[in-house]
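S.K.: return a 3D structure for these sequence lines:
(3 chains)
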Amino acid sequence: MELLVALAVGLMTATGVYLLLRKRSFPVILGTMMLTYAVNLFLFSMGRLAVNRPPVIQVGGNGYTDPVPQALVLTAIVISFGTTAVIVTLALRAFLEAATDRVDLAGTTEKDSAES
Amino acid sequence: MRLMLIIAIPFFGALLPMLLARAGRRACAIATGLSTLMALVLLLSHAPVISAGQAFAVSHQWVPQVGMDLALRLDGLGLLMAGLILGIGLLIVIYAYHYLGKDESLGAFFTYLLLFQGSMVGIALADNLLSLLVFWEGTSLASFLLIGFWRHLTEGRQGARMALIVTGGGGLALIAGMLLLGDIAGTMTISELTARREAIQQSSRYPLALLLIAVGCFTKSAQFPFHFWLPQAMAAPTPVSAYLHSATMVKAGVFLLARLWPVLSGTEWWFYTIASMGAVTFLLGSVVALFKDDLKALLAYSTISHLGLMTMLLGLGTEAGLIATLLHLLNHAAFKGALFLTVGIIDHETGSRDLRNLGGLWRILPITGAIALLGLAANAGLPPLGGFLSKEMMLEAVSQVSWWGQPHLLTAIAAIAGTFAVAYSARFFAGAFLGEPGADLETAHGPSWGLVGPAALLVVSALAFGVFAQPLAEPILQTAVRGAMGNGDAPTIHLKLWHGVNLPLILSGVAILGGGILAGTFDGWRSLLKRRLAIEGQRVFRACEWQLVSVSRHVTERFHGGSLANYLTWFLVGVLALGGLSVWPSGLRSGDRQLLPINVLALLLITCLAAACLMTILLHRRRLLSVLMANVVGLITSIGFIYFSAPDLALTQISVEVVTLILILLALYFLPKETVAEASPIQRWRDAALAGLCGAAMFALTWVVLSSDGPTDLANYLIEQSKPAGGGSNVVNVILVDFRGFDTFNEIMVLAISALIIYALLDGAMHGAAADKLDHWEHDIPRSPEKHPAMFISFTRALLPLALLVGVYMFLRGHNQPGGGFVAGLVVTIALIVQYMVSGYQWAAERISIDYHSWIGWGILLAAGTGVASMILGYPFLTNAHEHFDLPYLGSLDISSALVFDLGVLMTVVGAVMLALANLSRLGRRAERAAQKAAEAAKLLDRGE
Amino acid sequence: MTPWVEFVVAALIVIGTVFALVGSIGLVKLPDVMTRLHSPTKATTLGVGALLVASIISFYHWKGKLAINELLITLFLFLTAPVAAQFLARAYLHLHCDSAGDLPATNRPCQWSTFQCACPPDAEDGSAAKP
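M.R.: Sure thing, here's the model as predicted:
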């Protein structure tokens, strides 16, 4: 099972990195989302994997998994929503102001075919 | 302690002019003058004891690990130097007050001046190699500020930069040299070095240390080949030039050489490095000075030449050389300071300092003329001034030394340089004061006493050092020499003007005669030599500077040319390379933890995940689809969280997923729905390869961690303490609101700040180009005019109370069961935002009377309040209190102060997310209205036809 | 008593899975969007509905507690599925159909609601109904 989780982290990272390397703002946003998933899962897995052992104390519980990475990742998820929202807004504002959604300075003079 | 005060007064005094800047120019000047005066009086109060051969010392530990102490020691040499700095400093303050314009910020100027003064005095008094370096760098920085004081002048800025680079670069060499010296000697205390002279000079590292220190001193004292910054620094206001570039800062190099003279001198290395460079500079400076038309440039080269003279004398390594140096240090400060001030007066009164425009000033500025005459006479070494005395001593000292095996070579150089000194002095005076006044000089008026006074005082002392050499200059010199020699057996000095006819006197006579002839016939042959003598270090410097800049620009453009993909590529390649290197020798090895069995469901999910990832990439140009695919990935992640015992994470992830989806769809309302294909296949494959490598690296890392056991101490501790200390059975939530509550507090702050950023960005879009675009919005895909579908409305309105109830439930149970403020906040947000989406902004805003800004604020205040409350009760910030109640009908209830904290979290989350989303939809509404209006107009047009 | 319960639960599960299977086949096989739309909605309603009922019965019978969760799931599914389906259909109409030509007439003063903001107040004269 550990192998599959590692595989998932790798896959999401690769997807995220590929999208980050695109030239328009929207794929880049998607890329950061993907990277967020990957990093959150990676951080979470630092507590090692355990099935049916949620860190909720109960009578007769059969052991608990590490709660620390979970607490870290929980806030990380919310914060990454915050940053995603900021870059989405940034991309939106940039598109409204500049009429292009490129993320590089190169070739901004040529006619933007994606412009509606 | 009083010693410390001498340095502390200028540094603390530096605050005053800045603070008094509003109180007027006079207040600034008085504060500065008083600071300087206090330090000077304090210094001179030590003088009687020091002239008796004593020295004061005080030391405080600063960084003992590296042998750095704040050690001060006041001996004769230090007294001479510090006295010059503070005495001339006082005159400069008076002069600058009258010189600088009414509209210039005197406060800043005097602050820089006092900072400089403090650093200079620090150099003079420092007894620790490292603390001396600190003051040394301090002078470089302060002089940068002073030279560039007229920051509107290009030359001023360039000069300041050049001075900083040259002296700062030399400072680096000096640091290395000092460290080396300290390492050889085994002590950083300067006064202890003399005793270890033999050991130091026999060390194999001595030449290197000497060379490095020499570079430091040469750059500071403008010695060839680093002399070029000094003329450039003349763009500074004249008081600065007079203070820094004649009397004090440029002497720092000479001073340091004199300070280290007992330790380092007397070797071949010393002689050939210091004396040779000094001699070259001496000659070069005085020759070039003759060809300068700008009076300040002339004086700058003259200063270079005199500094060369002193360096050469120190380089001789003889006692006579040292004595002559110190005497000339004193004399030069007096007459060169006076000359600079005179040029300042000329410039101030006539608006020009170019010899080709000036002339006949004797009639307009007779007193200034007299000062200049005396100063120039001292400069040229005419009797009976102090300059004559030191020049005679110099010739005497030089004539006893042979250079490169030639007994008379050095003497000849000195004589030639002296001849040129007479020549440029004569040219200065004749050009400026004699002859017919230029047409535009008629308006010149007499200078105020504030300008003339300091110059007169300086020149009078230059005269007095010659005429009353025995009672005045002799004791000062004797004290200084005793301090510089570092031991008791200093020779007794007798100064007198008349030595009888000897070699120096004959040479002086020749120099005066030759100089007169040179100056008289100057106009005839200047054009012949002018071009050949343009040895411009500045040009070399500029070329180097330009090269550096263009290389940096090239590098910047290569790596930082505005392409995000490029940055990331370099960054990722770098990270991969570093990561690869760090595991290179051993490689990554999987551990031996007992693994969980793979089941079919997991295989299915990972297949789905892989498919969704692949689809996200393949479909990434069709944006709506790719968002959905990315969301599939997020949902599978949350299923993973549930499966691996993290219900809180799963809840959070799912709710965040929904909110993110809404956000992105709202943004896609405006953004293009398709991405054009731009990347070439090569680029795509390259990116794919890089992405694959990154993925593989992450896979390997995760696998290595997951297959090995990790520490469990912290986890066990927190699980044990959760119930007794945190009062909750959901350990994750207890960590969030209690154990690591401060982290959470900061995290909701981040969320709040990002919400405010979003608000600012979107609110800004309601004006300017963005608003214009919104007001002419045309939909790129067809839309239904029916905004609020009836079926959807009825369902969501029915769902609202239920959804809010779920939020409250999640919140209340959060401390003991999966849930908590974050999740509850997101659930409430979703419940609210759906109302906006379905029933329209107007409808929802009328009914949901929540001010999201204040919710954010109250949320943070609430969270902080619980923390402060525990502080008031005497516990650390955010300590938790909890109580167990048994309520009738409702069962048992745990009430914890963490609940209030969590309420703060909830409010902040709701406020932040709603603020972002509601403002996005506000933007959409504006565009929608515009589009609708356009559509209606088009329809009307259709009907009309 | 128990065999009867088992029989009922088994039958419900079979019904549910068969409908889910039929729905999936339909999603693949049916020719265009509008017809394809039927299969997942029907599969949800009947297929998942049957499975949930089976779950409720079995839990009530063997664990002895009323499963609120399944009821809630049913409720949410019944609320969301029609709304989602309606939106899909409307999106299709807007992207691929012309309001005038492709759609059958409503025979009422109003147009198809999705192509009109609201029924205009002056629609009584029937001018808006006949394009």
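S.K.: what helix or strand does the closest residue to B:S390 other than its chain neighbours sit in?
M.R.: Once flanking residues are discounted, B:S390 sits nearest to B:H328: 3.9 Å by Cβ to Cβ, 6 or more residues apart in numbering or on different chains. From N, CA and C alone the C-beta is placed, and that goes for glycine too. If you go by DSSP states H and E, B:H328 is part of helix B:319-350.
S.K.: what mean pLDDT does that helix have?
M.R.: Mean pLDDT, helix B:319-350: 87.
S.K.: kindly report the same for stretch B:553-562.
M.R.: Average pLDDT, stretch B:553-562: 80.
S.K.: what's it in contact with?
M.R.: Applying Cβ atoms under 8 Å, 6 or more residues apart in numbering or on different chains, the external contacts of stretch B:553-562 come out as A:104-106, B:566-567, B:570.
S.K.: grab the nearest non-local neighbour of C:Q86.
M.R.: Closest residue in space to C:Q86, ignoring its immediate chain neighbours: B:M791 at 5.9 Å, by Cβ to Cβ, 6+ apart.
S.K.: now the one you found: which helix or strand?
M.R.: helix B:790-813.
S.K.: how far away from the center of its chain is that helix?
M.R.: 56 Å (Cα atoms, centre = their mean, to the nearest Å).
S.K.: same for it, what does it pack against?
M.R.: For helix B:790-813, the packing partners by 3 or more Cβ pairs under 8 Å, 6 or more residues apart in numbering or on different chains; DSSP states H and E come out as helix B:821-839, helix B:897-944, helix C:68-96.
S.K.: deepest of these, which one?
M.R.: helix B:821-839 (a mean of 24; mean count of other Cβ atoms under 10 Å in any protein chain shown).
S.K.: which stretches of chain A have low pLDDT?
M.R.: A:106-116 (pLDDT under 70).
S.K.: how is chain C divided into domains?
M.R.: What automatic domain parsing lists as the domains of chain C is C:3-96, C:101-131.
S.K.: quick one: mean pLDDT over the first one.
M.R.: Regarding domain C:3-96, the rounded mean pLDDT is 84.
S.K.: end to end on that domain, go ahead and measure it.
M.R.: End-to-end distance of domain C:3-96 (Cα to Cα, to the nearest Å): 53 Å.
S.K.: so how far is chain B from the spatially most central residue of chain C?
M.R.: With the centre of chain C defined as its mean C-alpha position, the nearest residue by Cα atoms, centre = their mean is C:T41, 3.8 Å away. Using Cβ to the nearest Cβ, to the nearest Å, C:T41 is found at 14 Å from chain B.
S.K.: burial of the residue lying closest to C:S58 once chain neighbours are set aside, as a residue count?
M.R.: Leaving aside its chain neighbours, C:S58 sits nearest to C:V9 (5.0 Å; criterion: Cβ to Cβ, 6+ apart). The tally of other residues near C:V9 (other Cβ atoms under 10 Å in any protein chain shown) stands at 18.
S.K.: so C:V9 sits against C:Y60, correct?
M.R.: No. Checked against Cβ atoms under 8 Å, the pair C:V9 and C:Y60 is beyond contact range at 10.5 Å.
S.K.: what's the helix or strand for residue 12?
M.R.: No chain in the question, so chain A it is. Short version: A:M12 belongs to helix A:2-20, going by DSSP H and E.
S.K.: to clarify, I was referring to chain B.
M.R.: Going by DSSP H and E, B:F12 is in helix B:2-13.
S.K.: now that helix: mean pLDDT?
M.R.: Across helix B:2-13, pLDDT averages out at 86.
S.K.: roughly how far is it from the heart of the chain?
M.R.: Worked out by Cα atoms, centre = their mean, helix B:2-13 lies 25 Å from the chain centre.
S.K.: show me which positions of that helix end up buried.
M.R.: Judged by neighbour count using 16 or more other Cβ atoms under 10 Å in any protein chain shown, the buried positions of helix B:2-13 are B:3, B:6-7, B:9-11, B:13.
S.K.: what's in contact with it?
M.R.: B:31-32, B:34-36, B:38-39, B:42-43, B:45-46, B:56-58, B:60, B:70, B:72, B:74, B:82, B:114-115, B:117-118, B:121-122, B:125.
S.K.: show me how far the helix or strand just after that helix is from its chain's centre.
M.R.: As assigned by DSSP H and E, the chain's next helix or strand after helix B:2-13 is helix B:15-19. Here helix B:15-19 is found 21 Å from its chain centre; the criterion is Cα atoms, centre = their mean.
S.K.: list the buried residues for helix B:15-19?
M.R.: B:16-18.
S.K.: equivalent analysis for stretch B:845-853, please.
M.R.: Quick answer for stretch B:845-853 (16+ other Cβ under 10 Å): B:845, B:852.
S.K.: quick check: end-to-end length of it?
M.R.: Across stretch B:845-853, the terminal residues are separated by 14 Å (Cα to Cα).
S.K.: B:A490 and B:Q158, how far apart?
M.R.: Applying Cβ to Cβ, to the nearest Å, the value for B:A490 to B:Q158 is 44 Å.
S.K.: now the residue sitting nearest the centre point of chain B. Nearest residue, chain neighbours left out?
M.R.: Nearest to the geometric centre of chain B sits B:L141, at 10.1 Å (Cα atoms, centre = their mean). Among residues not flanking B:L141 along the chain, B:L164 sits closest, at 7.5 Å (Cβ to Cβ, 6+ apart).
S.K.: gap between the one you found and C:G26?
M.R.: For B:L164, the distance to C:G26 - Cβ to Cβ - is 79 Å.
S.K.: which one of the two is surrounded by more residues?
M.R.: The neighbour comparison of B:L164 against C:G26 (other Cβ under 10 Å) goes to B:L164, with 20 against 17.
S.K.: where do the strands of chain A begin and end?
M.R.: Along chain A, counting by DSSP state E, no stretch forms strands.
S.K.: mind listing the helices for it?
M.R.: With helices called from DSSP state H, chain A shows them at A:2-20, A:25-45, A:67-98.
S.K.: just chain C next, same as before
M.R.: Going by DSSP H, chain C shows helices at C:2-29, C:33-36, C:38-42, C:49-58, C:68-96.
S.K.: check the stretch 201-350 of chain B too.
M.R.: In the stretch 201-350 of chain B, the segments counted as helices under DSSP state H, counting those that start in this stretch are B:206-220, B:229-232, B:238-242, B:251-264, B:268-270, B:276-290, B:295-316, B:319-350.
S.K.: quick one, the last one and helix B:276-290 angle?
M.R.: Put plainly, it is helix B:319-350. 30 degrees (axes from the mean of the first three to the mean of the last three Cα atoms, to 10 degrees).
S.K.: which other helices and strands contact the helix or strand that helix B:319-350 is followed by?
M.R.: Next helix or strand after helix B:319-350 toward the C-terminus (DSSP H and E): helix B:361-364. Based on contacts counted as 3+ Cβ pairs under 8 Å, 6+ apart, the elements that helix B:361-364 packs against are helix B:319-350, helix B:366-380, helix B:409-433.
S.K.: a markdown table for those helices, including mean neighbour count?
M.R.: Below are the helices and strands packed on helix B:361-364 laid out as a markdown table (neighbours: other Cβ atoms under 10 Å in any protein chain shown):
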| stretch | mean neighbour count |
| --- | --- |
| helix B:319-350 | 26 |
| helix B:366-380 | 24 |
| helix B:409-433 | 23 |
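S.K.: hang on, the earlier thing: how about residues contacting the helix holding B:M791?
M.R.: Under Cβ under 8 Å, 6+ apart, the answer for helix B:790-813 is B:651, B:819-821, B:823-825, B:827-828, B:830-831, B:834-835, B:838-839, B:899, B:902-903, B:906, C:79, C:82-83, C:86-87, C:113.
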